[in-house]
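Q: Predicted model and sequence follow; I will ask about them next.
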Amino acid sequence: MNILHIPPGPGGYGKGLWLPISSGKKVLSLTGREIHPLAIEIGALTQSEVVNGFSCVPSDEELLCVVINCGGSLRCGLYPKKHIPTINVLPTGKAGPLAAYITEDNYVSGVTLAQLQQPEMQQNDDRYGSPSVGGTATERGSTATGPEHQPPEQSMARLVRLVEKTGTATGQVIALLFAASREAVDVSLRNVIPFMAFVSVLIAVVQETALGSLIAHALTPLANSLWGLVLLSFICGIPFLSPILGPGAAISQVIGVMIGTQIGAGNISPAFALPALFAINVQVGCDFVPVGLSMQEAKPETIAKGVPAFLLSRQLTGPLAVIIGWAFSLGLF
């Protein structure tokens, strides 16, 4: 038996689903009053009957897959919980009350017709056991939509279609806001709060131990004068040092806490806060340049010349940024 691959779309979740062809099962569309074009295409490629879930819902045993347009509610995980392949036309990841049941083996999202323009088909392997075969498969493009979809009056049909489009658009906006909120909370829990705890512990160590006074005595001559900050920025921007100092921004975090603590204690003038910020962040991004160029599919020649050029430019612009920051800090304190 042949099988069809349904890959995820741009920004979608999952690694793709494999659906058997001519299995005798049905493709269920749960995207509104009308059958979604993606469900029609999947039904044609798999030679399966397409059913509108808002008119009639077959039993779970009859379903080949389900096409939904859920932005993160119960529908996302309802059919994955039943081990039924679920295809979401929206790029929604593991979300909703039943998110625990969503896996890469039963769910894929962000799928559009573009992913099925050149469908990938293979001979069946051990991916499936013995799919039950029953009924006759429809020909490509012929889907059992049923006459019950058609409203009795054209005016009513236009009204229903308008309401449906409005609801779908509203749902997409809400799904986008919900996904953004979820990502913001996730970033806060994974990055912001641990960083705040790290800084708090670091400040406590600096204030309660002799380490703070030792580092303060070493940094004060540099951080308490313009030329000292220029020298500090020059050191941080040395091409063979900046990629080492950059990862995780650990060095800039530590030095920033130290200088901030000393400014709060009155050992360093507040006027040097802005130039000090520029001085300790010269190396930021220097470790990411090769990765960033590779992600943008830059040619090897571009990477070979672009990385040294970026590192040298940071060393030249770092001291200049300190001087500009110092000039703008004049008269502020």
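A: Now that the structure is in, tell me what you want to look at.
Q: Test my guess that I87 contacts C65.
A: Yes: using C-beta atoms under 8 Å, I87 is in contact with C65, at 5.8 Å. (Glycine included, C-beta is placed from N, CA and C.)
Q: Return every residue with contacts to both of these two.
A: Residues touching both I87 and C65 (C-beta atoms under 8 Å, 6 or more residues apart in numbering) are 6, 17, 42.
Q: these two touch, right, the first one and V111?
A: Yes: with the criterion set as C-beta under 8 Å, I6 and V111 qualify as a contacting pair; they are 6.2 Å apart.
Q: intersection of neighbour lists for those two?
A: By C-beta under 8 Å, 6+ apart, I6 and V111 have these common neighbours: I87.
Q: Break this structure into its domains for me.
A: Using automatic domain parsing, the domain parsing of the chain gives 2-149, 209-329.
Q: want to throw the ones you listed into JSON lines with mean neighbour count and distance to R158?
A: Output for those, formatted as JSON lines (neighbours: other C-beta atoms under 10 Å; distance: least, C-beta to C-beta, whole Å):
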{"stretch": "domain 2-149", "mean neighbour count": "18", "distance to R158": "12"}
{"stretch": "domain 209-329", "mean neighbour count": "17", "distance to R158": "46"}
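Q: Nearest to I193, out of those?
A: I193 lies closest to domain 209-329 among those, at 15.1 Å (C-beta to C-beta).
Q: Give the rounded mean pLDDT of the longest helix along the chain.
A: Longest helix in the chain by number of residues, with DSSP state H as the criterion: helix 154-187. On average, the pLDDT along helix 154-187 is 74.
Q: And it, how far out from the chain middle?
A: Its chain's average C-alpha position is 20 Å from that of helix 154-187, according to C-alpha atoms, centre = their mean, to the nearest Å.
Q: Would you enumerate the residues in contact with the residue nearest to N2 when sequence neighbours are not counted?
A: Residue nearest to N2 in three dimensions, not counting chain neighbours: I21, with 4.4 Å by C-beta to C-beta, 6 or more residues apart in numbering. Taking C-beta under 8 Å, 6+ apart, we find I21 in contact with 1-4, 45-47, 121.
Q: tell me the pLDDT at I21?
A: 90.
Q: how close does it get to L74?
A: 30 Å (C-beta to C-beta, to the nearest Å).
Q: sorry, back to before: out of the shared contacts of I87 and C65, who's nearest E297?
A: Using C-beta to C-beta, I6 is the member of those that sits closest to E297, with 26.0 Å.
Q: dump the residue contacts of that closest one.
A: By C-beta under 8 Å, 6+ apart, the contact set of I6 is 16-19, 42, 65, 85, 87, 108, 111, 115-116.
Q: which residue ranges form the strands in the chain?
A: With DSSP state E as the criterion, the chain has strands at 2-6, 17-20, 26-30, 49-52, 63-68, 86-88, 107-109, 120-123.
Q: Poorly predicted segments of the stretch 1-150 of the chain, please.
A: Residue ranges of the stretch 1-150 of the chain with pLDDT under 70: 1, 124-150.
Q: Show me the helices in it, by range?
A: With helices called from DSSP state H, counting those that start in this stretch, the stretch 1-150 of the chain shows them at 37-45, 75-81.
Q: Likewise for the stretch 201-333 of the chain?
A: Under DSSP H, counting those that start in this stretch, the stretch 201-333 of the chain gives helices at 210-223, 226-236, 242-245, 250-265, 273-280, 289-295, 300-329.
Q: and those as JSON lines, adding mean pLDDT and distance to H36?
A: Formatted as JSON lines, these follow (pLDDT from 0 to 100; distance: least, C-beta to C-beta, whole Å):
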{"stretch": "helix 210-223", "mean pLDDT": "63", "distance to H36": "62"}
{"stretch": "helix 226-236", "mean pLDDT": "85", "distance to H36": "55"}
{"stretch": "helix 242-245", "mean pLDDT": "68", "distance to H36": "49"}
{"stretch": "helix 250-265", "mean pLDDT": "76", "distance to H36": "49"}
{"stretch": "helix 273-280", "mean pLDDT": "85", "distance to H36": "52"}
{"stretch": "helix 289-295", "mean pLDDT": "73", "distance to H36": "33"}
{"stretch": "helix 300-329", "mean pLDDT": "88", "distance to H36": "42"}
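Q: Of all these, which one comes closest to A157?
A: Closest approach to A157 among these is made by helix 289-295 (47.6 Å; C-beta to C-beta).
Q: list the helices and strands that closest one packs on?
A: Of the remaining helices and strands, those touching helix 289-295 by 3 or more C-beta pairs under 8 Å, 6 or more residues apart in numbering; DSSP states H and E are helix 300-329.
Q: Tell me the gap between the helix it packs on and the middle of its chain.
A: Going by C-alpha atoms, centre = their mean, where helix 300-329 is centred and where its chain is centred differ by 30 Å.
Q: ok, now stretch 102-117?
A: Distance of stretch 102-117 from the chain centroid (C-alpha atoms, centre = their mean) equals 16 Å.
Q: same deal with stretch 182-193?
A: Relative to its parent chain, stretch 182-193 has a centroid offset of 13 Å by C-alpha atoms, centre = their mean.
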